[in-house]
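>>> everything below, folded, please.
(2 chains)
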Amino acid sequence: MKSKKVALIGNPNVGKSTVFNALTGLHQHTGNWPGKTVENAFGECEWKGVSLTIYDLPGTYSLIHHSLEEKVASDFICFEEYDVAIVVCDAVCLERSLNLVLQTMEILSNVVVCVNLMDEAKKKEISIDLCELEKILGVPVIGTSARSREGLDELFNAVIQVANDSYYSFSYPKYLEDCISILSSDFPKIRYNPRWIALQIMKGDEIFQKVPEVKTEKVERFLKFSRKVYKEEDIVGAILMESRRISSLVVTFHKQNYNETMKKWDRILTNKLTGIPIMLCMLFGILWLTIHFSNIPSSFLFDCFHFFELKLFDLFHFLAIPSFLTDLLLSGVYRTVTWVVSVMLPPMAIFFPLFTLLEDLGILPRIAFNLDYPFMKCHACGKQSLTMCMGLGCNAVGVLGARIIDSKRERILAILTNSFMPCNGRFPAIISMITMFVIGFSNSFLGSIMSAFTLTMIILLGILMTFLVSYLLSKTILKGYPSSFTLELPPYRKPQIGSVIVRSIFDRTLFVLGRAISVAAPAGLIIYLFANVPVFGSNMITILSNFLNPFGLFVGLDGMILLAFLLGFPANEIVIPILMLGYLSLGSMTEMNDLVVMKDVLVSHGWTFLTAINFILLCLFHFPCSTTILTIKKELRSWKWAALAFWLPTIIGLFLCFLTTIIFRF
Amino acid sequence: MVLTDLKIQESAYISKILLDNDMKRRLYDLGFFKGTRIECVLESPFKSPILYRVGGAFLALRRDMAERIEISYEE
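Reported below is the predicted structural model:
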């Protein structure tokens, strides 16, 4: 069977991933903000007997790369071997998209232009003459509305049929043209456009690493002169003017003020008086919905699991399985895993869809817009707030998302402070502490409002700490001034409710839950062994927690809490079950599905209001989970930063606990 | 005249960009070039960044950057 490799590129937030999903039937994450896709994804599909491998590249404005995420795409387009490039354009901003089309067409001949978001353009009464555009460019131009799958068949047909052998060329200023013809006059046979290679040679040495054969004698002789006269601005200008010319020939605006609704909303959401309160209300609202509606399913799951536990116990007994093994599997593994599932699943199944909804609407970039100024004052970048939002879901995702920040220094700031945002794995522990020790028990409406309010305050504390630490780091080891900042605000888009639910449940909720379970099962096993295998007349749990106890008490906690956090390093979700298992192994309690019972256990082990406050503080400020640490190591390619990301929040957390303890005792 | 002199809902044409090359290049990619029509849309709660409309896109720039983009009312 014939096969083709297809690359999908385009400006950020023009719906590349939507086109990709529609073509391949996969579920690559999409979201209404620039920079959602940070890594190459690929998928396979078949059309009329041709098998296609499609690569979804991160969004880029230009192939003369700028930020890290853009380098991924431009390296792929420039040097990777593939058959066709689909350039996805935004019908609403065609002129800017054409820039990228022209740049791509200078590099390769087999280009298919996909003008996406035709539906949005139609709504805004912008019409585009696709036939004329096709005639001008000389490559297939297909109009699509990928969200409603319009125009995809035509796109497939164009991809398998396209066989263009000429590059798009337009004239640069004369001096550049002269240099190009001298440089390219004795290139060996290469699979690249000689014109483009000549321009790259004038730009810098990087091209010689990728295409060493063009470093001919003549090139070397002429190199110095050509680089001296080379002005990038002239190239960019020529391309920009060409896109402006083409766009003026094919685009007609029928209505002048086509963005009134968006402006109206933006005036409210970014208003001096209402902007920030509205964002806080949204945060509170999401937290409240999450807390309020997860109580009932959570206790239902507990009851179900408990019921099965009794049945399993009977079964194990019936099969005459040794009681040590029964206890290990049921009290150790089963109980930890089911605890994680029943406590984690309901809030995640509510939080993630709500979050995805806001993301699809296009709210997140507005948050960055509102908050850029305070971040700038801390010498950081406003886009850090986007990574913080992602961190509320999962810190590892937040760290990865920091690629949207151009400056390396500001990116490191965002990465190091990301764990100050409590991720979804930490919510349940914090919420149960709030319920047990701060506002008391109540399943009522008021109770959940109070919990959500307290949690909002705790997150605000995390935000304040983010500002403070970003500022301090900028003044010490990460010295520097805020660099450039450009942020594109996308149009508000109506979320597709069905796909929001499906995507957030399957891609996010189940993914995170799966990870938590795969950590919880072995952790349950280990902790059970720790608690029950006799060592030196005692057991490991007692030995370790006794060892940590003096320090724990010193900062207003205890040894078991510290041990639980340490053992919870692989996943924050298991801190509470480990803690309970640890305490329970020293007593005879077996039930832990009820917060009232849980509180009794905690109090009987010396917990006070202060312990709970300190636990919450430590939960908010401690080392991020192992997945996040590994992601940091991968992103910054250094164990040093990873180590700092480990110690920084830990030291802050322990210090704050110590501080509250001192304040409380006097 | 520079971009920050533009009042909300006013528009003008870019005449010169006085920024370093890297930044200039980035702005070119976003469609900021000599002769581009630009409209001031709104300010953020802290007065910076400021939102501008260029073509069909909405772009936010910090005040210090906008101050270094010269504009004129005539094309």
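
>>> contacts, neighbours, all on C-alpha from now
Will do.

>>> interface residues of the stretch 351-500 of chain A facing chain B?
A:Phe369, A:Asn370, A:Asp372, A:Tyr373, A:Ser484, A:Phe485, A:Thr486, A:Leu487, A:Glu488, A:Leu489, A:Pro490 (CA under 8 Å from any CA of the partner chain).

>>> give me the three-state assignment for B:Arg53.
Three-state call for B:Arg53 (DSSP: H, G, I helix; E, B strand; the rest coil): strand.

>>> want to throw the residues of the stretch 351-500 of chain A next to chain B into JSON lines with pLDDT, neighbour count and secondary structure?
Shown next, in JSON lines, are those (pLDDT from 0 to 100; neighbours: other CA atoms under 10 Å in any protein chain shown; DSSP: H, G, I helix; E, B strand; the rest coil):
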{"residue": "A:Phe369", "pLDDT": "94", "neighbour count": "30", "secondary structure": "helix"}
{"residue": "A:Asn370", "pLDDT": "94", "neighbour count": "26", "secondary structure": "helix"}
{"residue": "A:Asp372", "pLDDT": "94", "neighbour count": "26", "secondary structure": "helix"}
{"residue": "A:Tyr373", "pLDDT": "94", "neighbour count": "22", "secondary structure": "helix"}
{"residue": "A:Ser484", "pLDDT": "77", "neighbour count": "16", "secondary structure": "coil"}
{"residue": "A:Phe485", "pLDDT": "83", "neighbour count": "20", "secondary structure": "coil"}
{"residue": "A:Thr486", "pLDDT": "87", "neighbour count": "22", "secondary structure": "strand"}
{"residue": "A:Leu487", "pLDDT": "89", "neighbour count": "22", "secondary structure": "strand"}
{"residue": "A:Glu488", "pLDDT": "88", "neighbour count": "21", "secondary structure": "strand"}
{"residue": "A:Leu489", "pLDDT": "89", "neighbour count": "25", "secondary structure": "strand"}
{"residue": "A:Pro490", "pLDDT": "88", "neighbour count": "22", "secondary structure": "coil"}
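
>>> from the residues you listed, pick the one nearest A:Leu478.
For those, the residue nearest A:Leu478 by CA to CA is A:Ser484; the value is 16.5 Å.

>>> which SS class is the nearest residue to that closest one once chain neighbours are set aside?
Closest residue to A:Ser484 apart from its sequence neighbours, by CA to CA, 6 or more residues apart in numbering or on different chains: B:Met23 at 7.0 Å. Assigned by three-state DSSP, the conformation of B:Met23 is helix.

>>> check B:Met23 and give its pLDDT.
With respect to pLDDT, B:Met23 scores 83.

>>> separation between it and A:Asn99?
B:Met23 sits 17 Å away from A:Asn99, going by CA to CA, to the nearest Å.

>>> these two - which one has more neighbours?
A:Asn99 (27 against 18; other CA atoms under 10 Å in any protein chain shown).

>>> wait, the residue nearest to A:Ser484 touches A:Thr486, no?
No - B:Met23 is not in contact with A:Thr486 according to CA atoms under 8 Å; the separation is 9.7 Å.

>>> please determine how far the residue lying farthest from the centre of chain B is located from A:Ile367.
What lies farthest from the middle of chain B is B:Pro45; by CA atoms, centre = their mean that is 18.2 Å. Distance of B:Pro45 to A:Ile367, computed by CA to CA: 11 Å.

>>> and what of A:Ala643?
Taken as CA to CA, the span from A:Ala643 to A:Ile367 is 30 Å.

>>> more crowded one of the two?
Counted by other CA under 10 Å, A:Ala643 and A:Ile367 do not tie: A:Ile367 has more neighbours, with 20 against 15.

>>> you'd agree the more buried one is up against A:Ser385?
Yes - A:Ile367 is within contact range of A:Ser385, at 7.0 Å (criterion: CA under 8 Å).

>>> which secondary structure state is assigned to A:Lys272?
Of the three states, A:Lys272 takes coil under three-state DSSP.
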